[in-house]
Every structure is written in structure tokens, then in C-alpha cells.
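**Q** Got a sequence here, can you build the structure:
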Amino acid sequence: MISQEKYRRGAARCVPPSGNMPHTLSPFPAPRLLRVSRLLLLLILLLTSCTPEPSTSALLVGELPPVTVRGAHLRAGGRPFEVRGVNYLRPSTDDPVACPRLQFGADGNCPWDLPAIQADLDQLQALGVNSLRLFLNFYVFGGAQLTDPNYRMDLWLERLDMFITEANQRGIYVMPVLLAKYPQDRFAPEDYTMALEQHVRPVVTHMAGKPGILAWDLFNEPDIGSPVDIRCWDWDNADFPLCFRLANERKQFIQAVHDEVKRLDPERLTTVGLAFAKNYFEPWEADLRLADVVDFYTFHYYDDDPYDSGRYAAHWYYGQGFPDDLQRAVAELAMLEPERPVVITELGFPTDAGSRRAPADLVDDLRLAQQTARAAGAGGIILWPFQDEPGELIGDLYQ
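**A** Numbering: from 1, shown residues only. Purely as a prediction, here's the structure:
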């Protein structure tokens, strides 16, 4: 265990003219040309003092530069890049019960609605968002061929292209999550071919080299093995031997996915959205560390509300509550070798009926989470949308 001890959306800044610059023209008579020259100089100073600072928010319009890693920091276009994101689950006008996830039109309950998506993207851009995390359903993007050999995903890939283009035109990167809804009991070596051929290769080959993709998220929360056995809710449960075998198997599966993604799209960054930050280096006895597989570390943070997302406050390894557990999670990753950036790719607090937080508490806690993450060395956060309306979810957090 690692010791705890070791561990602007850029706004236009208008600076008044220098104190040495006269605020009025000289009281002494001067030729008209001199007076005009002074006025022009004053105007130039005012204009240049109001130019925008280099920003870590989205780079607007045109082809977005690739996101790269330098030490513990993300960069885009030669400048530091702080992720200010949202997990995009569906258009905000969709019924969350009938259509809980965007399926690009493959599900009849969730028709493709580009105008609704465009309206959301306009609002997200105005709120300072520069990154969206987007889940790619294994069955929509290829896996359905397991039961229907005539299944084609050309239209869904075309709509994925459309989504990414629309986001990029607003200065917003997209981070696709591969293998969403992948069967939780298919991680053995004999399953690699199925996962790679049905989903990973066609999707990554289609997107390889294209601009505007922040990174490939290789798998969502592989360290939660509760669909296999509830005792492996955290794969680092040393009290139950099955969990160690599960952790080893899943780590090797992710390495196989990583190697194939890097072969097909070698310049793109990779990560894995873990439920627990510590599982980049736990269990210690495993055959490999995920910390050695990815280009930057990402994990998810929920404290203790709602109960089924309460992963940190009640956890045996953490258990100190918010914000201490968040600080520890980031700080331990920030001190890992090799040094890599850290991003929290799911962070959120519900405010619906029965929740501990009211909307005013959400604003305060998201601000505290952002400050805590920054102070511990994180390179950004991606919010989980417990609140359907983007304005309610984000407020002025990214501005």
C-alpha cells in the first residue's frame, strides 16, 4: 500500500493601460498627427491587453490537435490541456427509462435525433465543456453478429462519425469507451478473438488517425466483478480467491485489447476507466499492473450517495469520506511510476428525491471536488450526469 504522506475556461483578461501611459492627451498644444498617433497607440494597447489568455478549454473551430502526454500532464496544440468533461449518455430530451443510453438509432426505443444532440452540444460548449466520454455498445458496434451473421454496423459508425464531427466543430473532444455492455464472463484467452474481431478491430480501424478523439477508454470498470460474484465487487478482495483469478484474467484481457488498439491506432492515447484508483497497482501479486499498460490514469469517484454507487466512503481501503478519499486516490496515482497524467472520468452526486444533496449542495461539492483533484495533481474531471439538464449539472464549474 502506498503511504498517504508520499503522496480558466480561459477568459479574456482586460488589463488597464500601463501607469506610464497618459489617460488624456497632453495639455500642451501638439500637431494633429501627434495627437492621432497617441490615440492609435492607446487603442492598440487597450486591444492587446484584452486578448484571451492561452486556455485549457476547448480549442474552437477547425481540426482539433491531438491530445498528448508530457510527464504528468496532458497537452493539446502545444499547450496544457485540462479535461473539463461530461459523460454523454443520451440527448437530454430523451426519456432516461425508455432510452438510458445513446444507441445511434440501433435501438427502436432510442431513435437517432441529431437536432437534439446538436442542441445539447451547443449548450455544453457554452458551459465550457471541452470533452465528452461516450459509451460504444459492444452489440451495436459489431457484437450482434454473434447471433446475426448479416448484421452490419455501417450506419452506426456513420452516425458515430457525425457525433464526433459535431462535437469537434464546437471545440469538444470525444473519448469513446470500447466494449460497453460486453459479457462479464468472457475474459479468458479463448474470448480474445471474439472481442477483437467483432468489435475492437472494426471500430478502431474505422476511427484510426482521425482527429478530435481524446483517447481510447479500453474498458469501463473492469475491476468490478460483481456480475460474476458479488464478493468480487472489487477485484482486490483478498479474502476470496476467485477475485484474484478474476483480476488476473481481466488485466490480461485489457492488455490484449490495448496491444491491438495501439497496433491499429498507434498515436492515440489509451486509458482504462477503473472504479477504484488503487486498482492500477492492486492486487500487488497480479501478473501485471494496469499502470504499465495505459498512457494516462483514469478512475471513477462516488462517495456514499446513492448507496449502489457509494464506493469510497464505505470501502475497506479508503473509507474516510469526501473529499479525503478523492484526494488520496489522485495523490497515490500521481506518485506512481511511471509518471502519468490523472483524470477522474466519472464524478457525480445525485440530487433527486431521497438524495442527501440539494442542488445548492451539488454546486459546492463539485467545486470542492474540482479543487481537491487539482491540488492533488489531477488533469481534469468528467462529470456523471445524475442531473439530466446540462445547466443544472455543470453550472459555472468550467467557466
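**Q** where does N150 land in three-state SS?
**A** coil (DSSP: H, G, I helix; E, B strand; the rest coil).
**Q** my bad, should have said H258
**A** helix.
**Q** Excluding chain neighbours, give the residue nearest to it in space.
**A** Spatially, and ignoring its direct neighbours in sequence, H258 is nearest to V293 (5.1 Å; CB to CB, 6 or more residues apart in numbering). C-betas here are computed from N, CA, C, even on glycine.
**Q** Count the neighbours of the one you found for me.
**A** Neighbourhood size, V293 [other CB atoms under 10 Å]: 19.
**Q** can you tell me which residues contact it?
**A** Contacts of V293 were listed using CB atoms under 8 Å, 6 or more residues apart in numbering, and they are 251, 254-255, 258, 270, 272.
**Q** quick one: which of those residues has the most company?
**A** Counting by other CB under 10 Å, top hit in those: V272 with 30 neighbours.
**Q** and that residue, that one's in a helix?
**A** No - assignment of V272 by three-state DSSP gives strand, placing it outside any helix.
**Q** Nearest residue to it in space, please, no chain neighbours.
**A** Per CB to CB, 6+ apart, closest to V272 is L218, 5.0 Å.
**Q** okay, now that neighbour: neighbour count?
**A** 25.
**Q** do the same with R70
**A** R70 has 10 nearby residues by other CB under 10 Å.
**Q** Distance check, it against L269.
**A** Look at R70 and L269: by CB to CB, to the nearest Å, they are 12 Å apart.
**Q** before we move on, back to that, in which helix or strand does the residue nearest to V272 reside?
**A** L218 is part of strand 216-220, with elements assigned from DSSP states H and E.
**Q** list the helices and strands that strand packs on?
**A** Applying 3 or more CB pairs under 8 Å, 6 or more residues apart in numbering; DSSP states H and E, one finds that strand 216-220 contacts strand 173-180, helix 241-264, strand 270-274.
**Q** Pick the most deeply packed of those.
**A** The highest average neighbour count among the helices and strands packed on strand 216-220, using mean count of other CB atoms under 10 Å, belongs to strand 270-274 at a mean of 25.
**Q** farthest-separated two in the contacts of V293?
**A** Pairwise distances across the contacts of V293 (CB to CB) peak at 14.2 Å, for the pair K251 and T270.
**Q** Phi first, then psi, for the closest residue in space to I394 that isn't next to it in sequence.
**A** What sits nearest to I394 in space, not counting adjacent residues and going by CB to CB, 6+ apart, is L127, at 4.6 Å. When read as degrees, to the nearest 10, the backbone of L127 gives phi -90, psi 0.
**Q** residue contacts, L127?
**A** Applying CB under 8 Å, 6+ apart, the residues contacting L127 are 390-391, 394-395, 398-399.
**Q** and these, which are buried?
**A** Those of those that meet the buried threshold are 390, 394-395, 398, by 16 or more other CB atoms under 10 Å.
**Q** would you turn these into JSON lines with secondary structure and pLDDT?
**A** Below are the buried ones among the contacts of L127 laid out as JSON lines (DSSP: H, G, I helix; E, B strand; the rest coil; pLDDT from 0 to 100):
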{"residue": "P390", "secondary structure": "helix", "pLDDT": "96"}
{"residue": "I394", "secondary structure": "helix", "pLDDT": "97"}
{"residue": "G395", "secondary structure": "coil", "pLDDT": "95"}
{"residue": "Y398", "secondary structure": "coil", "pLDDT": "98"}
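**Q** quick one: L214 and V177 touch, right?
**A** No - with contact defined as CB atoms under 8 Å, L214 does not reach V177; the gap is 11.4 Å.
**Q** Compute the inter-axis angle for the strand holding L218 and strand 173-180.
**A** Using axes from the mean of the first three to the mean of the last three CA atoms, to 10 degrees, the direction of strand 216-220 lies 40 degrees away from that of strand 173-180.
**Q** would you list every one of the helices in the stretch 1-150 of the chain?
**A** Applying DSSP state H, counting those that start in this stretch to the stretch 1-150 of the chain gives helices spanning 32-49, 114-126.
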